[in-house]
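[1] Predicted model and sequence follow; I will ask about them next.
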Amino acid sequence: MKKASGISSEPSAFIMSVLPPVRKDRIISQLPKCFSKGAALHTEDGFHAKVKTACQEQRTGTVGFKISKVIVVGDLAVGKTCLINRFCKDVFDKNYKATIGVDFEMERFEVLGVPFSLQLWDTAGQERFKCIASTYYRGAQAIIIVFDLTDVASLHHTRQWLEDAMKENDPTNVLLFLVGTKKDLISPAQYSANVQDAINVAQEMKAEYWAVSSLSGENVKEFFFRVASLTFEANVLAELEKSNSRRIGDVVKISNTTSNLYATSKKKQPNCCQ
Ligand SMILES: Nc1nc2c(ncn2[C@@H]2O[C@H](COP(=O)(O)OP(=O)(O)OP(=O)(O)O)[C@@H](O)[C@H]2O)c(=O)[nH]1
Ligand SMILES: [Mg+2]
């Protein structure tokens, strides 16, 4: 895993230029299903119609060149590093090696024919490294809050992890995921007895809930495909919104009218055009 030290947390042209090509098994042509309808960011069957049309017509603006930042937080040893390593490298290490500060992995996808990259930031759960790790929280488009399905205290601590991560981020612009790991270590009966508690926490946070196992790989790919798809969808919708407001701004300039409608849209114009 690449060490993050000395590397800016912002996407850079340098990183874009050294990206490997999109792997065949990272091509997403349909919106993957949510894990639980009780705690999902949305339960539509497919991508938003506007997003599908924009992709078909190649009107996705800068999305194809963007790298979206995703941070992974949660208590020590809940399985954050194993989750990322299972998805990115298809490996699992049963020995615990604490993350020191942060690491990151880059994953390239192709969603509805458009290239899309995620930068996955793996942060340290140990208290003594929290200070370094939290300096990398800023600018996240998605936050994955991880807990261990066999350790109920780690579920309770997720609220604090979310609060800390949100201090550095804009709540209206970030997608939240709550992930329970080590599903292989609990019986189906234990799982059923506790799942509602986790779903309640996810609903309270307005997060999408997933339960996974990095040892067996259960739900890991499905989960990251969902993260990539929903982050992509949000990016395209934001891009369309931006281009619509630019178009309204153009009308203001040409017609030079002072009607209420245009007066409102004029506020959206960038300073340089006023
Ligand atoms: N059985 C099982 N063990 C797991 C799973 N995921 C992680 N582990 C084990 O849990 C321990 C901690 O995993 P890590 O991924 O290093 O935990 P972490 O959250 O990154 O820990 P920090 O870096 O200290 O914050 C390791 O011994 C892993 O092998 C899983 O899905 N199933
Ligand atoms: Mg780790």
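    Great, that's in hand. Residues are numbered from 1 along each chain as shown. Ligands and ions are numbered 1, 2, ... in the order given.
[2] Residue 195: what's it in contact with?
    Each residue near residue 195 by CB atoms under 8 Å, 6 or more residues apart in numbering is listed here: 36, 211. Where you see a C-beta, it was placed from the backbone N, CA and C, and this is true even at glycine.
[3] go again using 10 Å as the cut-off
    Residue 195 makes contacts with 36, 38, 39, 149, 180, 209, 211, as judged by CB atoms under 10 Å, 6 or more residues apart in numbering.
[4] Between which two of these is the distance greatest?
    Greatest spatial distance in the contacts of residue 195: 38 and 149, 16.5 Å, computed using CB to CB.
[5] what about these two, which has more around it?
    Using other CB atoms under 10 Å, the more surrounded residue of residue 38 and residue 149 is residue 149, with 25 against 14.
[6] Okay, and residue 51 sits in which element?
    Under the criterion of DSSP states H and E, residue 51 resides in helix 49-56.
[7] Counting by contacts, list what the helix or strand harbouring residue 180 packs against.
    Using DSSP H and E, residue 180 maps to strand 175-181. Under the contact criterion of 3 or more CB pairs under 10 Å, 6 or more residues apart in numbering; DSSP states H and E, strand 175-181 touches strand 67-74, helix 80-89, strand 142-148, helix 152-156, helix 158-166, helix 188-205, strand 208-211, helix 220-255.
[8] who does the third one pair up with?
    Spelled out, that is strand 142-148. Strand 142-148 has its sheet partners listed here by DSSP bridges as strand 67-74 (parallel), strand 175-181 (parallel).
[9] for the ones you listed, which one sits closest to ligand 2?
    The minimum distance between ligand 2 and the strands paired with strand 142-148 falls on strand 67-74, with 8.6 Å, by CB to the ion.
[10] Near ligand 1, which residues of the stretch 151-274 of the chain? Just list them.
    By the rule CB under 6 Å from any ligand atom, the part of the stretch 151-274 of the chain lying against ligand 1 is 181, 182, 184, 185, 213, 214, 215.
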